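Visitor: This is a predicted model, with the sequence first.
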Amino acid sequence: MKTYTIHRVLSVLVVLATIVLWQGCKPKAPGSIINGDAASQAYVAPGKYDEFYNVVSGGFNGQMSIYGLPSGRLFRIIPVFSQFPENGWGYSEETKPMLNTSHGFVPWDDLHHISLSLTKGEHDGRWAFGNANNTPRVARVDMKTFKTVEILELPNSGGNHSSPFITENSEYIVAGTRFSVPVGDNTDVPISSFKENFKGYISFISVDPTDGEMKIAFQLKTPGVSFDLARAGKGPSHGWFFFSTYNTEQAYTLLEVNASQKDKDFIMAVNWKKAEEYIKAGKGTTAKAKYAHNVWDESTHTGVSTIMDEVLQLDPAELKDIIYFIPCPKSPHGCDTDPTGEYIVGSGKLAALIPVFSFAKIQAAIANKEFEGEFAGIPVIKYEAALHGEVKKPGLGPLHTEFDNNGNAYTSFFVSSEIVKWNVKTLEILDRVPTYYSIGHLSVPGGPTTKPHGKYVVAYNKITKDRYLPTGPELTQSAQLYDISGDKMKLILDFPTTGEPHYAESIPASLVMPNSTKIYKIEDNKHPYASLGEGMTKVERKGKEVHVYMTAIRSHLTPDNIEGVKLGDEVFFHVTNLEQDWDVPHGFAVKGANNAEILVMPGETQTLKWKPLSTGIFPFYCTDFCSALHQEMQGYIRVSPAGSKVPLKFSTGKIEDQASGAGQ
Amino acid sequence: MKKVFLPMLAMLAFSCSQPTTNTETEAVAEAPGAGQSAVKDDVSQQDVVRIAVNSPDHTTLVTALKTAEYVDVLSNAGPFTVFAPTNAAFEKLPAGTVEGLLKPESRDALRNILEYHVYVGVVTEGMMQDGMTLNQVNLDNVKIGKKDGKLTVNGANVLGSARGSNGIVYIIDAVLLPPEKK
């Protein structure tokens, strides 16, 4: 076959010019006009607070970031799964255990989704959960300290995408695998044995209601498909969880074509209360599994990693009534339950319609056994029996749906690059606005809760192209803020975002701000190497290890002169910040360190390990501008040859050279 | 004639695509932006829409895409496999068909037909197999034929292909008509 070549310079030019002309002069639809007051709607005056905290996944930066809404101002990046040299996360001795896994130390991941903790279906402002898509894990961030305080690895998972969605009282967060993989004793099998050997596993992770600590309560062994996203039931559907699946074709190569063969994949409905009953009845089996559970101890300011060795599993193909499949066109991505808990919105990312399922009808269909057959031993409910209705011709490529407090849904469309507002009950399309460009997730404050806060929808776009000043081949990711308080959505702000945001949630500032930690109390510091006062500073040798018990307070480090370190030693700088004043961290860095700096919060102790590779005098200093004499906050450490007789000594403010008067 | 015409067009285009800013009044009404098809980029590979637009044999298809407001859609990230009927293919339809489809009241029907020509995913010739079905954007299937190196879709002949930045275009000699809904 001959390849058509279509290059006629003149016609190209004419046509290109025409396209630009046509686009540029396109009549402006009412919904796509920015009004002059848009800026004032997103404007938060200097010194004023935003109304919402916007907790945004960082995608490939492995972090979460905190923005304000409606201003779009970035307040903080919270390192979660990725090392962060800016504050030493994953570099300091205390934080390294947080990134430990059954694969050893994993310094990066891909954080896609946020779930904020819930009580009675509403935000309680306690924790933010995030998932690691690559090396399967979930993390918990404490909303008092905005610090990652727990990371739990997930065994038997190939990639934790369908996570960390949460039940209405934070009973569980879930973790469904995007990649089915072979599990058990023999995983060295041909890839082509997918149908026989590959399994999907869904983990239900319990969250301790008091301290938030996570534990894998049980895993469901499910057929080898890909789990994409999920949402818990709420209200009448509390006790159920809904997962979108794709690749029910069970393809293992060129999924671009081979995972799109079927008209419909499935929404998987899980009756987790039923699973709990089976566990109580002793139907669970304990399987060997190696995974890390890393917990931050706020009193020692140290992460502790424990390798776990078993997990409780249930097999829904044998234990009936836990799982049902509902057909859903085509490769459903979003699977979102509305605030009433009655409607479940499946968004077939390759489909041009949105099916909305009814929880009541699903229950009736199960009771009446309205099944069209089985898939891998699991009953498949008839599509029509579960269906509330379809939103017809809503746009192209529906991905995700969020809700307001007036019975409306907002669905993002990647292919047609727009947000479409529709009524959940009537399925009528009410409004549509373009996004710039190629929206992925979207987020309404409180959108996944029983009582959405409404007001705004934020679009998280994948393509930015001409929206900002260009910065070479790689451009900023972009969020767009729309006012949804009226009948028509109104674009009021573009703001650039860090990393590559996927999902985000927003929570009223009033639920978080009053609890924000200001300092760590120095008297509560139980770090084994803490110096709880300058008088307790010292330098100790333990074989080849030299431990420096150091303090930092405006504006000196104690000790700031250290001698007696020898080549071959490993030096541990345990820096305690003695400040008890909000917003006065100190930093610490030493010349030639092969890791990073550390930032030490008031009352905290953190440790930087340093192995000098040459003799000489090495400066160290405070990296966080703390006072008018910040630039004086510095010191020296002397490194002598391996066999040297230079004694170990340390001091601050001790003038040895009285003759010359240096330092006086 | 053309030498004069081109710069004129370009000037017009330039003046129209500028945002209408007015520094004197605060309440400025401004379009937040055109779609992705308006991004100025003469360096990147052409997307599937520009391929069609730049082909003199696909003016009817391009008119249809514009009428259906699908130009921006096909300028987005995709990925797409587009079956692009030639002007001659449209001419084979019964007289008045195209004109009827281009009327505002036929928009759903037009969109349905256009969606039947697009698959989300890039299916290169090498990936295509005889008898393979592709579930198109409108949710109906097309059937690929591949015999003796000759490629067909629902019996229409594939005359050639062009790779775009966001997908692949197969030029075909007949318009694909979606099956009647039961």
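Guide: Ah, there it is.
Visitor: can you give me the strands in the stretch 301-450 of chain A?
Guide: A:302-314, A:323-329, A:332-337, A:343-348, A:353-358, A:371-375, A:378-381, A:387-392, A:398-403, A:408-413, A:418-423, A:429-434, A:439-443 (DSSP state E, counting those that start in this stretch).
Visitor: Can you list the helices and strands that the second one packs against?
Guide: Under the contact criterion of 3 or more CB pairs under 8 Å, 6 or more residues apart in numbering or on different chains; DSSP states H and E, strand A:323-329 touches strand A:264-271, strand A:343-348, strand A:353-358, helix A:359-367, strand A:378-381, helix A:383-386. Yep, even glycine has a C-beta here, placed from its N, CA and C like the rest.
Visitor: ditto for the fifth one
Guide: Applying 3+ CB pairs under 8 Å, 6+ apart, one finds that strand A:353-358 makes contact with strand A:323-329, strand A:343-348, helix A:383-386, strand A:387-392.
Visitor: Switch those over to a markdown table; also include distance to A:K488, mean pLDDT and mean neighbour count.
Guide: Converted to a markdown table, the helices and strands packed on strand A:353-358 look like this (distance: least, CB to CB, whole Å; pLDDT from 0 to 100; neighbours: other CB atoms under 10 Å in any protein chain shown):
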| stretch | distance to A:K488 | mean pLDDT | mean neighbour count |
| --- | --- | --- | --- |
| strand A:323-329 | 29 | 94 | 26 |
| strand A:343-348 | 22 | 92 | 28 |
| helix A:383-386 | 32 | 97 | 19 |
| strand A:387-392 | 18 | 95 | 18 |
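Visitor: would you list those in a markdown table and tack on distance to A:E276?
Guide: Listed next are these as a markdown table, based on distance: least, CB to CB, whole Å:
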| stretch | distance to A:E276 |
| --- | --- |
| strand A:323-329 | 14 |
| strand A:343-348 | 21 |
| helix A:383-386 | 23 |
| strand A:387-392 | 28 |
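Visitor: so which of those comes closest to A:S640?
Guide: A:S640 lies closest to strand A:343-348 among those, at 66.0 Å (CB to CB).
Visitor: got a list of contacts for that closest one?
Guide: Identification of contacts with strand A:343-348 by CB atoms under 8 Å, 6 or more residues apart in numbering or on different chains yields A:231, A:237, A:242, A:244, A:265, A:267, A:326, A:328-338, A:354-359, A:362, A:388, A:398-401, A:409, A:411, A:424.
Visitor: switch to 7 Å and redo it
Guide: Contact with strand A:343-348 is made by A:242, A:244, A:267, A:328-337, A:354-359, A:388, A:398-401, A:409, A:411, A:424, as judged by CB atoms under 7 Å, 6 or more residues apart in numbering or on different chains.
Visitor: now that strand: how far from the chain's centre is it?
Guide: Distance of strand A:343-348 from the chain centroid (CA atoms, centre = their mean, to the nearest Å) equals 23 Å.
Visitor: count of residues packed around the residue nearest to B:T67 when sequence neighbours are not counted?
Guide: Counting by CB to CB, 6 or more residues apart in numbering or on different chains, the nearest residue to B:T67 once its immediate chain neighbours are dropped is B:L102, at 5.1 Å. Number of residues near B:L102 (other CB atoms under 10 Å in any protein chain shown) recorded here: 16.
Visitor: so B:L102 touches B:L65, yeah?
Guide: No: B:L102 is beyond contact range of B:L65, at 11.0 Å (criterion: CB atoms under 7 Å).
Visitor: Can you find the helix or strand in chain B with the smallest mean pLDDT?
Guide: helix B:2-17 (a mean of 36; mean pLDDT, DSSP states H and E).
Visitor: Now tell me what touches the next helix or strand after that helix from outside.
Guide: Later in the chain than helix B:2-17, the nearest helix or strand by DSSP states H and E is helix B:48-53. Outside helix B:48-53, the residues within contact range by CB under 7 Å, 6+ apart are A:6, A:15, A:19, B:37, B:58, B:61-62, B:65, B:71, B:74-75, B:80, B:82, B:84, B:162, B:164, B:166-167, B:169.
Visitor: quick one: the helices in the stretch 51-200 of chain A?
Guide: Taking DSSP state H, counting those that start in this stretch as the criterion, the stretch 51-200 of chain A carries its helices at A:194-197.
Visitor: how about the strands in the stretch 451-600 of chain A?
Guide: Under DSSP E, counting those that start in this stretch, the stretch 451-600 of chain A gives strands at A:456-461, A:477-483, A:490-497, A:504-508, A:538-542, A:545-553, A:556-558, A:561-566, A:570-577, A:586-590, A:598-600.
Visitor: Ok, which of these comes nearest chain B?
Guide: Among the strands of the stretch 451-600 of chain A, strand A:490-497 comes nearest to chain B, with 4.9 Å by CB to the nearest CB.
Visitor: If we go by neighbour counts, what in that closest one is buried?
Guide: A:K490, A:L491, A:I492, A:L493, A:D494, A:F495, A:T497 (16 or more other CB atoms under 10 Å in any protein chain shown).
Visitor: The residues you listed: which ones sit near chain B?
Guide: Restricting the buried residues of strand A:490-497 to those near chain B by CB under 7 Å from any CB of the partner chain leaves A:L491.
Visitor: ok, back up a step: distance check, the residue nearest to B:T67 against chain A.
Guide: Using CB to the nearest CB, to the nearest Å, B:L102 is found at 15 Å from chain A.
Visitor: quick one, what contacts that residue?
Guide: B:L102 neighbours (CB under 7 Å, 6+ apart): B:T63, B:A64, B:T67.
Visitor: Now that the second one has come up, it's in contact with B:R111, right?
Guide: In this case it means B:A64. No: under the criterion of CB under 7 Å, B:A64 makes no contact with B:R111, lying 9.5 Å away.
Visitor: Can you pull out the low-pLDDT segments for chain A?
Guide: A:1-36, A:657-664 (pLDDT under 70).
Visitor: Closest to the centroid, which residue in it?
Guide: A:G130 (3.4 Å; CA atoms, centre = their mean).
Visitor: That one: what's it in contact with?
Guide: By CB under 7 Å, 6+ apart, the neighbours of A:G130 are A:S57, A:M64, A:V80, A:L111, A:H113, A:I114, A:A139, A:V141, A:P164.
Visitor: need the contact list for the closest residue to A:F414 other than its chain neighbours.
Guide: In this structure, A:F414 finds its nearest non-sequential neighbour in A:G397, 4.3 Å apart by CB to CB, 6+ apart. Shown in contact with A:G397 (CB under 7 Å, 6+ apart): A:K349, A:L350, A:F413, A:F414, A:V415, A:S416, B:V120.
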